[in-house]
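S.K.: Below is the sequence, then the predicted model.
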Amino acid sequence: MGAAIAARNQGPALHRPRRRRFNHLPYALITPASLAIFGILAFPLGMLVYLSLQHYGLRELFLHQGTWVGLDNFRTILADPLFQQVVVRSLVFTVANVALTLILSTLIALLMLKVSRPIRTILMGGLVFVWATPVIVAIDIWQWMFDYEFGVINYLLTQIHAGNFIHHNWFDNPFQGFIVITVVVVWGAIPFVTITLFAALLQVPDDVLEAAEIDGAKPWQTFWNVTVPILKPIFLIVISLSTIWDFQVFNQVYVMLNQRPSSDYFVIAVYSYRESFGITQYGLGAAIAVVMVLILIVVTFFYVRQTLQTAEIGA
Amino acid sequence: MNPRKFLFGAIGLAIATVVAACGGGTPTTTAGNETGTLTVWLMNGSAPASVIDGVNADFTAKHPKMTVKVEIQQWSDIGTKLDTGLTGNTPPDVVELGNTLVAKYAAAGLLEDISGKKSSFDNSGTWLQSLTDSCTVSGKLYCAPYYAGSRAVIYRKDLFAAANVQPPTSMDELLTVGKKLMAAHSSDPNFSALYFPGKYWYAALPFIWDFGGDIATQSGGKWQGSLNSSGSQQGLTTLATLVSSLSKADKSGDEAKQDAAFAGGHIAMIIANGWEVGVITDPKAGDPKLKDKLGVFPIPSHTAGQTAPVFLGGSDLGVAAKSKNQALANEWVELLTGNKHMNEMATVGGVIPNTTSMLNLGTGLNAIFYAAAKNSRFVPNSQNWASVENANVIPDMLVSIFTGKAQLPAATTSASDKITTLLNGS
């Protein structure tokens, strides 16, 4: 906001005829960053696309030379019924996980506004602790809790008479299995989203909320008509980021299922990895990854647009 | 620290690193005078440290200026590591390969063809047949057999005595004995007479083979999946009956936790490798009190008095095609697979040695596992076998049979078709 006001004060200066002279300095200043982005992002992505257009197996890896096959890899995967299942499964999984993450995180963030300071500190501490737990360690712990033979979840469910869960395999039925995976993913995603939303909620001006209350708005109406519109940019960013994370979920499936998930559990990242490293068809695996990137670009588009808009408002 | 000193130190270190790296790449060739580093990848748990130290001592006695770097690898991600390691420009010189993995790497040209050097290995005339087969691709030898593992039934002698039963000598008897044990423990809902996790395909193969079935057969260069042959189906039907009447193990789980489960009591028999006896009686992972209560008998055949053929697991030692130290690498392999150290592998390590001439070294419970290796079989030796394993074809088939998700004939036909496609793939 400061910059905008300053610019307005210097109004007449803006109408000075612009110099045509090329100023090298800004470009020089962004060069290192551009090179770094190119090096770590554009180059590997370009190589991925290049790889997806080749037949690249173990022999080709040995010779460092693939065989050009054009769009064959893409034709193969698009014709593969398993691939279509995998994409649909990944999309459904993503929607469910993002929705759950958002709802639970918003509720916890609202709760944190209401509770006393010590409780809030404890809640915050718990969230940071979850966030700081390395993902592999967390998955191992969850895996033990849901274990067939030694799991505490089966024991507790049986103890509280929720049914006979002794020797219950949670992964026999893929639907149940994905519920477990969803629990682990959402559990891991809640801290970041909650803390972000909590910080945003603190920015909602009290006078606006009070005004709504004086006008007779119920808490739910206040939340829906005042808080949500103010938080909209933050919600959009959090939704975009969560979508990106949940769409490429890998560890929670792969490690949870002892690195041997059956095809019922293939989400797109696992499928790509299996094709690449499992059956050493790197070209095919790359093609799947390219499709994944394309789907994510659509999501990222909203994120970038929102970031730009927010930046404009902030300027 | 003096920054100047630090700088020189760092430069010195950098030069040393570069020199060392170059040394590894280009050893001088005068015998006994070579310099550099020989990199060896061994798998976790394959050889006792004392054996490796002995091999390295013998090696450096001949080549005092060489350094041997033994790097221990984990089984879980070894496929990816081998793919990248063996295709890179500075591969490990010697690699231990699980015997089902060799064909893939040999066919892609990643391993040195050592056919001409076979006679320089001790006992190469009496190498275990299944291991030699695993090293042979299109008539050429690509690795040296290292050691083997075969499975038998580990059982609780005390539980057998209490139920008044003897180790069975046929598959029918296995079921009868198992049922008696189940009846004796009918008050324990967790009790398994024979604990058999659904994905445990290594232990399912003996049943398939015993009735004359197989995973796949080859004729005219083409593979044909045969899990749906009548022999295979008979074997699987027998196994499914055993599992449904005797096992409380996870029907869709794997065997990773079976030793821990066995050590916890509630189990009378498991199908296991020889080394698993050590895990079961381990003070940390298992229960040392079981030491004197364990017995072993071979997996019985459906023909009374005979034993079923078992899957011969094991490892081979290959030399990377891109290794710059091939001669030295082979020399190291000759030492580890040679008489002196192979003897230690058997007596200290307790694994089955690579030659039939040493099968008499097994003592105690080990003797049964050693004997089982004599009647052993192997998976189809195709470069595409790794794809079948990675696609989980056989475990998935077993799970759907045991859980009743699919009828046995349909499940075996579907698995068989998948195997045919995968094995004949490019």
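M.R.: Okay, I see it.
S.K.: What's the end-to-end length of stretch A:70-84?
M.R.: One end of stretch A:70-84 to the other measures 21 Å (C-alpha to C-alpha, to the nearest Å).
S.K.: Can you pull the poorly scored residue ranges out of the chain?
M.R.: Defaulting to chain A. Along chain A, the model assigns pLDDT under 70 to residues A:1-20, A:310-315.
S.K.: other chain: chain B
M.R.: B:1-31, B:426.
S.K.: Residue numbers of it in contact with chain A?
M.R.: Contact residues, chain B versus chain A (C-beta under 8 Å from any C-beta of the partner chain): B:76-77, B:79-80, B:83-84, B:86-87, B:104-105, B:108-110, B:189-190, B:199, B:248, B:250-254, B:256-257, B:261, B:321-322, B:386-387, B:390-392, B:395-396, B:399, B:403. In short, each C-beta sits where N, CA and C put it, glycine included.
S.K.: Would you list the buried entries among these?
M.R.: The neighbour-count test (16 or more other C-beta atoms under 10 Å in any protein chain shown) applied to the residues of chain B next to chain A identifies B:79, B:83, B:86-87, B:104-105, B:108-110, B:199, B:248, B:250-254, B:257, B:261, B:321-322, B:386-387, B:390-392, B:395-396, B:399 as buried.
S.K.: among the residues you listed, which are in helices?
M.R.: In helices, judged by DSSP state H, the following of those are found: B:79, B:83, B:86-87, B:104-105, B:261, B:386-387, B:390, B:395-396, B:399.
S.K.: Could you dump those into CSV and include distance to A:Val152?
M.R.: Shown next, in CSV, are these (distance: C-beta to C-beta, whole Å):
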residue, distance to A:Val152
B:Gly79, 33
B:Asp83, 38
B:Leu86, 43
B:Thr87, 44
B:Lys104, 40
B:Tyr105, 42
B:Ala261, 16
B:Ala386, 37
B:Ser387, 38
B:Asn390, 32
B:Pro395, 26
B:Asp396, 28
B:Val399, 24
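S.K.: Return the member of those residues nearest to A:Trp131.
M.R.: Nearest to A:Trp131, judged by C-beta to C-beta, of these is B:Gly79 at 32.5 Å.
S.K.: Do a quick rundown of the strands in the stretch 251-400 of chain B.
M.R.: Along the stretch 251-400 of chain B, counting by DSSP state E, counting those that start in this stretch, strands occupy B:267-273, B:294-297, B:310-311, B:313-319, B:352-353, B:376-377.
S.K.: Tell me which of those strands sits most buried.
M.R.: Across those, averaging neighbours per residue (mean count of other C-beta atoms under 10 Å in any protein chain shown) puts strand B:352-353 on top, at a mean of 30.
S.K.: Go ahead and name everything in contact with that strand.
M.R.: When contacts are defined by C-beta atoms under 8 Å, 6 or more residues apart in numbering or on different chains, strand B:352-353 is touched by residues B:128, B:147-150, B:274, B:314, B:342-343, B:345-346, B:359, B:361-362, B:369-370, B:373.
S.K.: one step back: as CSV, the strands of the stretch 251-400 of chain B with distance to B:Asp158 would be great.
M.R.: Output for the strands of the stretch 251-400 of chain B, formatted as CSV (distance: least, C-beta to C-beta, whole Å):
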stretch, distance to B:Asp158
strand B:267-273, 10
strand B:294-297, 9
strand B:310-311, 26
strand B:313-319, 29
strand B:352-353, 27
strand B:376-377, 30
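S.K.: Could you measure from the residue nearest the centre of chain A over to A:Phe192?
M.R.: Chain A has A:Trp245 as the residue nearest its centroid, 2.1 Å off, counting by C-alpha atoms, centre = their mean. According to C-beta to C-beta, to the nearest Å, A:Trp245 and A:Phe192 sit 9 Å apart.
S.K.: need the residues of chain A near chain B, please.
M.R.: Residues of chain A lying near chain B (C-beta under 8 Å from any C-beta): A:57-59, A:61-62, A:64, A:148-150, A:166-167, A:169, A:171-172, A:258-260, A:262-263, A:274, A:277-280.
S.K.: tell me how far stretch B:153-167 is from the chain's mean position?
M.R.: Here the centre of stretch B:153-167 is set off from its chain's centre by 28 Å, with C-alpha atoms, centre = their mean, to the nearest Å.
S.K.: List the buried residues of it.
M.R.: For stretch B:153-167, a neighbour-count test (16+ other C-beta under 10 Å) marks B:Val153, B:Ile154, B:Tyr155, B:Arg156, B:Leu159, B:Phe160, B:Ala163, B:Val165, B:Pro167 as buried.
S.K.: so the third one sits in a strand?
M.R.: If I follow you right, that is B:Tyr155. Yes - B:Tyr155: assigned to a strand according to DSSP: H, G, I helix; E, B strand; the rest coil.
S.K.: Could you verify my assumption that it touches B:Phe297?
M.R.: Yes - at 6.8 Å, B:Tyr155 and B:Phe297 qualify as touching, with contact defined as C-beta atoms under 8 Å.
S.K.: tell me, what's touching the two both at once?
M.R.: Between them, B:Tyr155 and B:Phe297 share the contacting residues B:Pro167, judged by C-beta under 8 Å, 6+ apart.
S.K.: Which single residue in the stretch 201-315 of chain A comes nearest to chain B?
M.R.: As assessed by C-beta to the nearest C-beta, chain B sits closest to A:Gly278 within the stretch 201-315 of chain A, at 3.9 Å.
S.K.: got the contact list for that residue?
M.R.: Listed by C-beta under 8 Å, 6+ apart, the contact partners of A:Gly278 are B:Gly79, B:Ser387, B:Asn390, B:Ala391.
S.K.: any idea how far the second one is from B:Thr176?
M.R.: The reference is to B:Ser387. Counting by C-beta to C-beta, the gap from B:Ser387 to B:Thr176 is 40 Å.
S.K.: again, but for the first one
M.R.: Distance of B:Gly79 to B:Thr176, given as C-beta to C-beta: 42 Å.
S.K.: Also the third one?
M.R.: Counting by C-beta to C-beta, the gap between B:Asn390 and B:Thr176 amounts to 38 Å.
S.K.: With adjacent residues omitted, what lies nearest to the residue of the stretch 251-400 of chain B at minimum distance from chain A?
M.R.: Distances between the stretch 251-400 of chain B and chain A by C-beta to the nearest C-beta are smallest at B:Asn390, namely 3.9 Å. Spatially, and ignoring its direct neighbours in sequence, B:Asn390 is nearest to A:Gly278 (3.9 Å; C-beta to C-beta, 6 or more residues apart in numbering or on different chains).
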